[in-house]
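Participant: please find the sequence and the predicted model below.
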Amino acid sequence: MTIKRFISIASLCAIIVILVVSFPHSRSQQTLVSPAPKTEDTLAKIIPKLEKHQNLFQLKKQFIPPVSAGAEFDRASAYSVVDTDSGQVIASKNLSLRLPIASLTKIMTAVVALDLATPEEEFSVSEKAAAQIPTKVMLRPGEKFSLGRLLSYMLISSANDSAKVIQEGIDQKFGQEIFIKAMNRKAQVLGLKNTSFTNAAGLDSSSHFSSVEDLSLLSVYALKQYPAVASIVSKEFEDLTSGGQDRRFYLNNWNGLLGVYPGVSGVKTGNTGKAGNCTIVVSEREGRKLLVIVLGAPTVLERDLWTGELLDLGFKQLVGLAPVNVTESQLRQKYSSWKYFQ
């Protein structure tokens, strides 16, 4: 046998040995790794649910008359007064400015939850959800609540623990951390150009924001397309204490204008360190409905006083109504009616 032939045979044997040794290993690698469903695939499946109710409401911003110079409400970070029938913006400040929005976020949380689950579905409270910072209704780990109940806790009393239970429940239902992605996808569906969500409760984050323009679109959409939301937010309070035994579930609505300003029927309040005091209020008078949003008020009292002034301004311009002139005394009396339980 020549040296050249011997080398060729040796090389061939070496190649065979390498293949024999490596093949089972590579096969086991392929067998052990089974790719999990991609979040993108799950999101694609739920998009039709998010698109079921189309947004038919748009704002008209062709002419926005100036408001009175030096008005107290001009100290707010942003505000808007919108005719919910025509979409006409009657007055505004920083209409498209991206700002923190605190618990106004929960309007989108409610809408997406109702897109992806029924009010009868039950979700369990995790330790993480129970540990959410206030405002909360003190849900306990292991308890189960229907989505309908959780929405009442979240929208009336602004319960962060309930918002977290909803988020986790939807994620578990679809087997992916899908809820926040669904909130942002829903924002795209509705044409919200200055909105981004990182959590379901509205906790401060540099990537969590919206604008009074986008919140106007979202609020009118939610009230018109989701009767359950409109019904819940119109309540001054709700007693869900199961015969008065569990005081956690006596729910105060922190909207100070409910029952004070004529025709008010919601919508949502919020407060964080960065967002300040925020509110969305809708009122109907003389068959016309106005939506007012105020972001960044220094106190709850100023938030509600300014919102009342903006409602007065809007109804005067829209239908010539005399101002209501909500007073500090009226609001303090309303605040004193709120019940607090430990």
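Facilitator: Yes, it's here.

Participant: distance of the residue lying closest to residue 47 once chain neighbours are set aside relative to residue 335?
Facilitator: The shortest distance from residue 47 to any non-neighbouring residue, by CB to CB, 6 or more residues apart in numbering, is to residue 185 (6.6 Å). To be clear about C-beta, it is placed using only N, CA and C from the backbone, and glycine gets the same treatment. Distance of residue 185 to residue 335, given as CB to CB, to the nearest Å: 38 Å.

Participant: go on, residue 216?
Facilitator: 26 Å.

Participant: more neighbours, those two?
Facilitator: For the pair residue 216 and residue 335, the greater number of neighbours falls to residue 216 (25 against 14), based on other CB atoms under 10 Å.

Participant: what helix or strand is the more buried one on?
Facilitator: If you go by DSSP states H and E, residue 216 is part of helix 212-225.

Participant: I'd like the mean pLDDT over the helix or strand just after that helix, please.
Facilitator: Using DSSP H and E, the helix or strand that directly follows helix 212-225 along the chain is helix 227-233. For helix 227-233, the mean pLDDT works out to 97.

Participant: got the contact list for helix 227-233?
Facilitator: For helix 227-233, the surrounding residues in contact (CB atoms under 8 Å, 6 or more residues apart in numbering) are 107, 110-111, 114, 119, 148, 151-152, 155-156, 222-224, 253, 265-268.

Participant: same deal with stretch 189-201?
Facilitator: Counting by CB under 8 Å, 6+ apart, 50-51, 55, 96-98, 103, 105-106, 108-109, 132, 160, 163-164, 166-167, 179-180, 183-184, 187, 205, 207-211, 213-214, 217-218, 221 sit against stretch 189-201.

Participant: okay, how far is it across it, tip to tip?
Facilitator: 21 Å (CA to CA, to the nearest Å).

Participant: going forward, begin numbering at 546 instead of 1
Facilitator: In the new numbering, first residue 546, that becomes stretch 734-746.

Participant: that stretch: which residues count as buried?
Facilitator: For stretch 734-746, the neighbour count (16 or more other CB atoms under 10 Å) marks 734, 735, 737, 739, 740, 741, 742, 743, 744, 745, 746 as buried.

Participant: same question, stretch 772-780
Facilitator: Result for stretch 772-780 [16+ other CB under 10 Å]: buried residues 773, 774, 775, 777, 778, 779, 780.

Participant: does residue 761 touch residue 839 like I think?
Facilitator: No - at 12.0 Å, residue 761 does not count as touching residue 839 under the criterion of CB atoms under 8 Å.

Participant: buried residues, the helix or strand where residue 874 lies. List them.
Facilitator: Using DSSP H and E, residue 874 sits within helix 873-881. By 16+ other CB under 10 Å, the buried positions in helix 873-881 come out as 875, 876, 879.

Participant: tell me which other helices or strands that helix touches.
Facilitator: Counting contacts by 3 or more CB pairs under 8 Å, 6 or more residues apart in numbering; DSSP states H and E, helix 873-881 packs against helix 845-864.

Participant: so the helix it packs on versus helix 873-881, what angle?
Facilitator: Here the directions of helix 845-864 and helix 873-881 differ by 120 degrees (axes from the mean of the first three to the mean of the last three CA atoms, to 10 degrees).

Participant: report the rounded mean pLDDT for helix 845-864.
Facilitator: So the average pLDDT for helix 845-864 ends up being 97.

Participant: flag every buried residue along it.
Facilitator: Buried residues in helix 845-864 (16+ other CB under 10 Å): 845, 847-860, 862-863.

Participant: any stretches of this structure with poor pLDDT?
Facilitator: The chain contains residues with pLDDT under 70 at 546-583, 608, 610-614, 789-790, 886-887.

Participant: can you map out the strands along it?
Facilitator: Listed in chain order, the strands of the chain (DSSP state E) span 623-628, 634-638, 667-669, 689-691, 782-784, 795-797, 809-817, 821-830, 833-842.

Participant: could I get the second one in PDB with only the CA atoms?
Facilitator: The C-alpha atoms that make up strand 634-638 are tabulated as PDB, following Å, rounded to 0.1, in the frame of the first residue of the first chain:
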ATOM      1  CA  VAL A 634     -62.500  71.000  19.900                       C
ATOM      2  CA  ILE A 635     -64.000  74.000  21.700                       C
ATOM      3  CA  ALA A 636     -60.900  74.900  23.800                       C
ATOM      4  CA  SER A 637     -57.500  73.300  24.400                       C
ATOM      5  CA  LYS A 638     -54.000  73.600  25.600                       C
END
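
Participant: run the chain-centre distance for that strand.
Facilitator: Between the centre of strand 634-638 and the centre of its chain there are 23 Å (CA atoms, centre = their mean, to the nearest Å).

Participant: equivalent analysis for the third one, please.
Facilitator: Per CA atoms, centre = their mean, the displacement of strand 667-669 from the mean C-alpha position of its chain is 19 Å.

Participant: tell me which strands it pairs with, and in which orientation.
Facilitator: Applying DSSP bridges, strand 667-669 is found paired with strand 689-691 (antiparallel).

Participant: so for the strand it pairs with, what gets flagged as buried?
Facilitator: residue 690.

Participant: how about residues contacting that strand?
Facilitator: With contacts defined as CB under 8 Å, 6+ apart, strand 689-691 is touched by 664, 665, 666, 667, 668, 669, 670, 684, 698, 707, 710.
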